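Student: Have a look at this fold, sequence not included:
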């Protein structure tokens, strides 16, 4: 959500006294904030995002914000990074806090809990969230401040869970605040954009640039950013939230866009020969349960007619509805991914039980297929079909789902380390499992 200059000036007039006492007169904040950081530190919104471009002072702003109310008894602040390595590396936010706070003998640092304790009893802690299992350590936390450093590295469910840990202290004027800093890009790019950046986003965003940061050699830093690849330069130097990968190892985004097809104007008269539904079940808390409905026609063309996904741990009703709304295509096989090492027999029986009425009504077969190849190799056959003008995408499919699928086609990569930088390509996997069944019964 865009913030107007008028609203920033209004905030400043209202909160400048509080700003002086909590920042300027705060001996634990040795840096004088520049203008955009001042706006960040005086904004009254419960949720707020800062950054956009590299070098805009995100970590300093986040640390200052966390320290604003450490003179208040029982105040608790938490700052998170994705991994402990991110948290502990030199000049990262925890190291920066130690440089600011270690000269003060009255403060206590607990190296086991990564917590600073202040004379008032207030605390500032540092943590990480590599996996959803890490959420357990914050289950009983009662916090007045939560800060995410590099928010786009996190899935949305982790952000919203920590939001539930915010508690207002009784009879206290200390506000509860959710603060974050980030650049475009990363696995959480789309949800962060939806939550903060778009015009209709429900929460405010304060853009900042290396050009605003008076503590940087801005000319030299700008030259360094110019050395980046085109996409990363657009994201980090210019804060472009609409910049996306255009070319992947398998297929380009332009080629994907040419594969969109209209039911009414193109394939309404085609005769369907075989329909299958592919399922990629969620294997971890950050994965989605994804479903693809794929139809082979008697002219040799294949169309993805429906696509859906959910992060819910209970997708049973969504799958039932997905099958019912595609029943007119006469789906024959519902093909689930079998995760290696999982209790796949139990899982298959579960889904056969869930779908027993639909199995009886529509004559569908529910089966499993082991994921024996990498995600990249699993995507290659369908990418080849697109390039050969054999596979198309119905343009009535939800635009967000198609966007996610096309993004996955472009970023999917054989290197697992590179893939760790992106969300799991669940929609792409579900399409792959649907296509496997078509390959078995149709000679392509």
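Tutor: Okay, I see it. Keep in mind the model is a prediction, meaning the values are calculated, not measured.
Student: Okay, now the unreliable bits of the stretch 251-400 of the chain?
Tutor: Regions of the stretch 251-400 of the chain meeting the criterion pLDDT under 70 cover residues 283-286, 338-346, 371-373.
Student: 90 - rerun?
Tutor: 253, 280-288, 310-315, 332-352, 365-375, 378, 398-400 (pLDDT under 90).
Student: Which stretches in it count as strands?
Tutor: 260-261, 272-280, 289-297, 302-310, 333-338, 365-370, 391-394 (DSSP state E, counting those that start in this stretch).
Student: again, but for the stretch 51-200 of the chain
Tutor: 76-81, 108-110, 115-117, 123-128, 145-149, 177-182.
Student: about what we covered before: what's the closest of the strands of the stretch 251-400 of the chain to residue 180?
Tutor: Closest to residue 180 of those, according to Cβ to Cβ: strand 302-310, at 24.5 Å. Heads up, the C-betas are built off the backbone N, CA and C, glycines and all.
Student: same for the closest one, what does it pack against?
Tutor: Packing partners of strand 302-310 (3 or more Cβ pairs under 8 Å, 6 or more residues apart in numbering; DSSP states H and E): strand 289-297, helix 316-325, strand 391-394, helix 399-411, helix 426-441.
Student: okay, the angle between the first one and helix 399-411?
Tutor: Direction vectors for strand 289-297 and helix 399-411, defined by axes from the mean of the first three to the mean of the last three Cα atoms, to 10 degrees, enclose an angle of 90 degrees.
Student: Quick check: neighbours of strand 289-297 in the sheet, parallel or antiparallel?
Tutor: Within its sheet, strand 289-297 is paired with strand 272-280 (antiparallel), strand 302-310 (antiparallel), according to DSSP bridges.
Student: Among the ones you listed, which comes closest to residue 136?
Tutor: strand 302-310 (23.0 Å).
Student: How about the contacts made by residue 238?
Tutor: residue 53 (Cβ atoms under 8 Å, 6 or more residues apart in numbering).
Student: now the strands of the stretch 51-200 of the chain in CSV, with mean neighbour count?
Tutor: Shown next, in CSV, are the strands of the stretch 51-200 of the chain (neighbours: other Cβ atoms under 10 Å):
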stretch, mean neighbour count
strand 76-81, 24
strand 108-110, 13
strand 115-117, 20
strand 123-128, 21
strand 145-149, 26
strand 177-182, 24
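Student: In JSON lines: those, plus distance to residue 22 and mean pLDDT.
Tutor: Below are those laid out as JSON lines (distance: least, Cβ to Cβ, whole Å; pLDDT from 0 to 100):
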{"stretch": "strand 76-81", "distance to residue 22": "12", "mean pLDDT": "96"}
{"stretch": "strand 108-110", "distance to residue 22": "21", "mean pLDDT": "97"}
{"stretch": "strand 115-117", "distance to residue 22": "17", "mean pLDDT": "97"}
{"stretch": "strand 123-128", "distance to residue 22": "14", "mean pLDDT": "95"}
{"stretch": "strand 145-149", "distance to residue 22": "12", "mean pLDDT": "96"}
{"stretch": "strand 177-182", "distance to residue 22": "12", "mean pLDDT": "96"}
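Student: I'd like these as a markdown table, with distance to residue 394 appended.
Tutor: Listed next are the strands of the stretch 51-200 of the chain as a markdown table, based on distance: least, Cβ to Cβ, whole Å:
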| stretch | distance to residue 394 |
| --- | --- |
| strand 76-81 | 40 |
| strand 108-110 | 57 |
| strand 115-117 | 53 |
| strand 123-128 | 41 |
| strand 145-149 | 37 |
| strand 177-182 | 34 |
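Student: Run a quick neighbour tally on residue 349.
Tutor: 12 (other Cβ atoms under 10 Å).
Student: And the residue nearest the centre of the protein?
Tutor: residue 188 (2.1 Å; Cα atoms, centre = their mean).
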